[in-house]
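Visitor: let me see the structure of the following:
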Amino acid sequence: MKNFRVGDILVDKETENAYRIICLAEDLTVVCRMQTTRLDLFEIPTKEIVDKVIDGDLLVQEKENIVFDSEKLSAVMKAKYALNKQIINEVQDYYGPTYMQLMGNSTKYGMVDIQKKYNVSRLKCSRLILRYLQSGMDDSSLVDPRAIGRVNYKEYEYKKRPGRQSDSGYTSTVIVDDEIKKQFDSAIEVLKKDRHQTVESAYSWLCNKYYIESRIIDGEICFISKPEHLIPTMKQFRNYVTKKLTPEEKDVLKTSAREVRNDKRLLDSDALFEVYGPGDMVEVDAVEVDLSIVSELDRNKTVGRPIMYVMIDVFTRMILAMSVAFDNNSVIALTSLLMNLADDKVKYCEKYGFSIDENAWISGIIPRHMRIDRGADFKSDKFAKILQELGIDRQLVSAASGSLKGTIEQEFRSLHYAIKPHLSNNGVITQRHDSKHHKKATLTITEFTAMAIDFVLNHNQMASESYPLTADMIRCGVHPNPQELWKYGCKKYGQPRPISNKDAYYYALMTPVNAKIDRTGIRALGLYYMNFEDVELRAMMYRLQRNVKTIEMRYDPRDISNLYYLSSDSRMRIAPLNLKKTGMNDYVGMTECELKEYKKREKELRAESSRKNREIKNDMYAQEKMIAQTAISNSKGVSDSEGLRDNRSNEKLITQYKNRVATRIEKEDTDYIGNSQVSLVKEKNEDKDSVFPVDDKIQAEENAGDDETNNSDFETMFNKFF
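Guide: Residues are numbered from 1 along each chain as shown. The predicted model follows:
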């Protein structure tokens with residue numbers, strides 16, 4: 001039998017009707033009918049669905065994962081997406097996770113409030129909810145499919161100003177294009193700076209800034225306004241301001257940001273302020289554990305203190321995720337924590353020897369709000385972008401205010417209390433001068449991780465003595481332990497948002513990089529990547545040839561073996577290292593830190609080689625200059641060019657005699673050009689068929705054993721022969 005989960009589609013084999021799974025529970029499952037323009041939600045017993053799936057009456061289709069980058073949307077599309085996202089979040093808070101209260105003809109006061117708050121019509125709100133639920137609660141349904149490549153999209157370009165002509169006969173010819181929008185944005189910034197500014201005053205600033213010309217008339221500089229039909233109208237600017245500013249920004253303009261925060265925030269509970277159920281608010285922090293550990297490769301080597309990141313749900317006090325590593329103040333550590341949030345905790349615990357029930361450690365949810373301090377890793381732009389893509393609101397507490405994250409700070413203290421009794425004098429760090437924790441370290445990081453997991457599992461079962469139980473909790477008999485609080489909170493407030501699209505979730509956690517594509521493949525991080533199975537990519541490379549195209553891809557800094565990118569149909573693709581390129585195999589499985597070290601050393605080697613090459617070139621220049629100057633000084637003036645061919649033949653023969661093999665294997669040292677060459681001439685003269693005439697004088701001198709034959713004698717004799 002094929003497993004099914006939230007977001008999958010159930011197809012009735014008999015009627016061919018399709019239903020999207022919205023909420024999955026042990027007793028009832030909520031489904032939404034597909035291929036209809038009206039919202040139809042049904043509650044079906046889960047057992048009935050399971051039986052039909054087993055019998056083959058219902059077919060299961062897995063949810064299609066659509067991944068898109070909201071940062072790549074146009075400004076208009078990004079604003080629409082942000083508005084739709086806010087509306088859906090409100091709807092989830094009111095009616096999730098079953099959404100069954102949306103059915104029926106009774107007045108839905110929550111929808112009325114949402115429509116008034118965001119100034120949207122009932123029809124638009126209904127269509128947005130229908131599209132969202134039928135997509136399996138995928139964020140891609142909140143944006144125009146044309147903008148993310150699902151269908152062809154082209155923004156409409158106005159050729160003339162839209163709207164009817166003015167009754168007065170005057171009509172502006174200005175079209176609000178990108179350039180005009182930039183001018184409007186500048187005026188809005190002026191409007192935001194001072195509460196005494198009005199839309200009218202901002203419009204006046206706009207006209208004086210961009211639509212005043214200076215002319216010299218009668219020797220004086222005069223400022224003259226452009227013709228009215230070339231200036232945007234007040235109505236155009238006011239409409240743009242209305243669409244651009246959010247309701248909160250409008251309230252800030254009327255009062256102040258502080259008054260808006262104080263007067264318009266929701267007040268629900270004194271004990272858990274502004275926290276609404278499980279998964280609504282989490283706290284995240286890191287601690288440098290007071291324990292020194294040893295290397296897994298060699299237990300005789302100490303590696304220092306591990307860094308532990310923890311995520312805890314504020315409403316239930318349940319620890320949702322943890323990460324143990326050596327990364328401190330690092331986005332890598334934070335993404336490791338978020339990946340553990342998506343991990344199947346049953347399988348994760350099995351790797352460390354623990355067997356648990358799936359309710360002992362909740363997995364696969366996305367929190368709505370995250371409360372963090374102002375550490376370098378938490379307030380970084382990279383982490384902010386990750387949270388934005390995941391739809392998590394980041395709340396930075398005031399500096400040096402650890403008490404504002406009291407929930408998680410208490411857990412760190414409990415962790416230390418749990419491990420210290422077992423490792424006294426075995427690596428526990430104390431504030432004593434005679435503490436030898438580094439020398440007495442015992443645990444490896446794997447063993448400490450097992451201890452941390454054991455602490456988490458026990459914490460998630462233990463009741464808190466200080467948890468503020470409400471009257472309703474007492475009536476329901478809820479014990480203040482995380483598991484019971486989670487079950488109670490889900491029943492009262494609804495289940496938290498699930499990770500329905502893991503591809504999009506993991507894609508958001510990876511690091512962006514600008515990759516260059518040409519006919520040689522994909523180049524990023526100084527390496528070559530290639531997806532040989534991507535026909536679309538290969539076609540792009542062929543079209544580019546020697547041209548280069550830069551696109552954004554992503555990589556995991558823990559393993560730079562692969563690049564991840566989105567295809568034109570918004571599917572995630574993987575491009576591994578191109579092992580056909582020389583040296584790429586050496587980088588498989590390497591981390592980004594290791595790669596940077598190699599690239600740094602490569603840069604140093606190339607710099608050393610460059611300096612060495614420059615020294616060699618300088619020496620070569622000096623040596624060749626000396627040889628040339630010597631030759632010039634030995635020159636006898638103008639050379640005789642007559643008989644060039646014969647002279648060349650003579651030089652050719654001399655050069656060949658110089659390079660003969662016999663000279664190189666000769667045991668005795670002889671004058672290279674002198675005696676050995678004379679002997680050669682003698683041998684040739686004794687040959688009757690020799691082309692050289694026999695010279696009696698030379699023969700007589702050789703027979704007499706004239707040892708004073710030298711290079712000049714040889715040249716004289718050789719010239720005589722030729």
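Visitor: following the biggest helix by length in the chain, which helix or strand comes up?
Guide: Secondary structure of the chain per DSSP state H: the longest helix is helix 592-634. Next helix or strand after helix 592-634 toward the C-terminus (DSSP states H and E): helix 644-658.
Visitor: and the helix or strand that that following helix is followed by, what's its mean pLDDT?
Guide: Next in sequence after helix 644-658, counting helices and strands by DSSP H and E, comes helix 661-665. Computed over helix 661-665, the mean pLDDT rounds to 80.
Visitor: likewise stretch 374-382?
Guide: Mean pLDDT, computed over stretch 374-382, is 82.
Visitor: can you give me how far that stretch is from the chain middle?
Guide: Mean-position distance between stretch 374-382 and its chain equals 16 Å (CA atoms, centre = their mean, to the nearest Å).
Visitor: low-scoring stretches of the stretch 401-550 of the chain, by residue?
Guide: Residue ranges of the stretch 401-550 of the chain with pLDDT under 70: 401-409, 420-427, 429-438.
Visitor: 50 instead, please
Guide: Across the stretch 401-550 of the chain, the ranges flagged by pLDDT under 50 are 401-404.
Visitor: roughly how far does residue 75 sit from residue 147?
Guide: 12 Å (CB to CB, to the nearest Å). Using the backbone N, CA and C atoms, a C-beta is placed for each residue, glycine as well.
Visitor: again but with residue 324, I slipped
Guide: From residue 324 over to residue 147 the distance is 41 Å, taken as CB to CB.
Visitor: not counting sequence-adjacent ones, nearest residue to residue 149?
Guide: residue 568 (4.8 Å; CB to CB, 6 or more residues apart in numbering).
Visitor: pretty sure that neighbour contacts residue 535?
Guide: No. The pair residue 568 / residue 535 is not scored as a contact, 11.4 Å apart, by CB atoms under 8 Å.
Visitor: circling back to that earlier point, quick one, which of residue 75 and residue 147 is more surrounded?
Guide: residue 147 (19 against 12; other CB atoms under 10 Å).
Visitor: now do the closest residue to that one other than its chain neighbours: how many residues are near it, please.
Guide: Leaving aside its sequence neighbours, residue 147 sits nearest to residue 77 (CB to CB, 6+ apart; 4.7 Å). Per other CB under 10 Å, the neighbour tally for residue 77 reads 18.
Visitor: same question for the helix or strand encompassing residue 77: list its buried residues.
Guide: Assigned by DSSP H and E, residue 77 falls within helix 75-95. Using 16 or more other CB atoms under 10 Å as the test for burial, helix 75-95 gives 77, 80-95.
Visitor: same question for stretch 388-401.
Guide: Residues of stretch 388-401 classed as buried by neighbour count (16+ other CB under 10 Å): 389, 390, 391, 392, 394, 397.
Visitor: and for stretch 541-560?
Guide: 541, 553, 554, 555, 556, 557, 558, 560.
Visitor: what lies in contact with that stretch?
Guide: 69, 72, 332, 336, 507, 510-519, 521-522, 524-525, 527, 540, 562-565, 575, 587, 589-593, 595 (CB atoms under 8 Å, 6 or more residues apart in numbering).
Visitor: got a ChimeraX select line for the buried ones in the residues you listed?
Guide: Filtering the contacts of stretch 541-560 down to the buried ones (16+ other CB under 10 Å) takes a single ChimeraX command:
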select :69,332,336,507,510,511,515,517,521,522,524,525,527,540,562,563,564,565,575,587,590,592,595
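Visitor: endpoints of stretch 8-28, how far apart?
Guide: Taking CA to CA, to the nearest Å, stretch 8-28 runs 16 Å from one end to the other.
Visitor: please state the offset of that stretch from the chain centre?
Guide: 35 Å.
Visitor: just for the stretch 601-722 of the chain, where's the confidence low?
Guide: 671-674, 676, 678, 681-682, 684-685, 688-710, 717, 720-722.
Visitor: residue ranges of the strands in the stretch 351-500 of the chain, please?
Guide: Along the stretch 351-500 of the chain, counting by DSSP state E, counting those that start in this stretch, strands occupy 365-366, 369-372, 393-396, 497-498.
Visitor: what are the pairing partners of the last one, and which direction each?
Guide: Partner strands and pairing direction for strand 497-498 (DSSP bridges) are strand 365-366 (antiparallel).
Visitor: need the contact partners of the partner strand.
Guide: For strand 365-366, contacts defined as CB under 8 Å, 6+ apart pick out 278-279, 320, 341, 390-392, 495-499, 505.
Visitor: can we see that at 7 Å?
Guide: For strand 365-366, contacts defined as CB atoms under 7 Å, 6 or more residues apart in numbering pick out 279, 390, 391, 392, 496, 497, 498, 499.
Visitor: farthest pair in these?
Guide: Farthest pair in those (CB to CB) is 392 and 498. Separation: 13.9 Å.
Visitor: Provide the contact partners of stretch 384-402 at residue level.
Guide: For stretch 384-402, contacts defined as CB under 7 Å, 6+ apart pick out 70, 85, 139, 335, 366-374, 379, 404-405, 409, 505, 508-509.
Visitor: does residue 580 sit in a helix, a strand or a coil?
Guide: What DSSP: H, G, I helix; E, B strand; the rest coil gives for residue 580 is coil.
Visitor: skipping adjacent residues, who's closest to it in space?
Guide: Nearest in space to residue 580, with sequence neighbours left out and distances taken as CB to CB, 6+ apart, is residue 530 at 7.7 Å.
Visitor: got the contact list for that neighbour?
Guide: Counting by CB under 7 Å, 6+ apart, residue 530 makes contact with 521, 522, 575, 578.
Visitor: and the second one, that one's in a helix?
Guide: In other words, residue 522. No. Read with three-state DSSP, residue 522 is strand and lies in no helix.
Visitor: hey, what's the residue nearest to it when sequence neighbours are not counted bridged with?
Guide: With CB to CB, 6+ apart as the criterion, residue 522 has its nearest non-adjacent residue at 4.2 Å, and that residue is residue 529. Judged by DSSP bridges, the bridge partners of residue 529 are residue 522, residue 577.
Visitor: neighbours of residue 529, how many?
Guide: When neighbours are defined as other CB under 10 Å, residue 529 has 25 of them.
Visitor: ok, it - contacts?
Guide: 521, 522, 563, 575, 576, 577, 578.
Visitor: what about the helices in the stretch 401-550 of the chain?
Guide: Secondary structure of the stretch 401-550 of the chain by DSSP state H, counting those that start in this stretch: the helices cover 406-419, 445-459, 471-475, 482-493, 502-509, 535-544.
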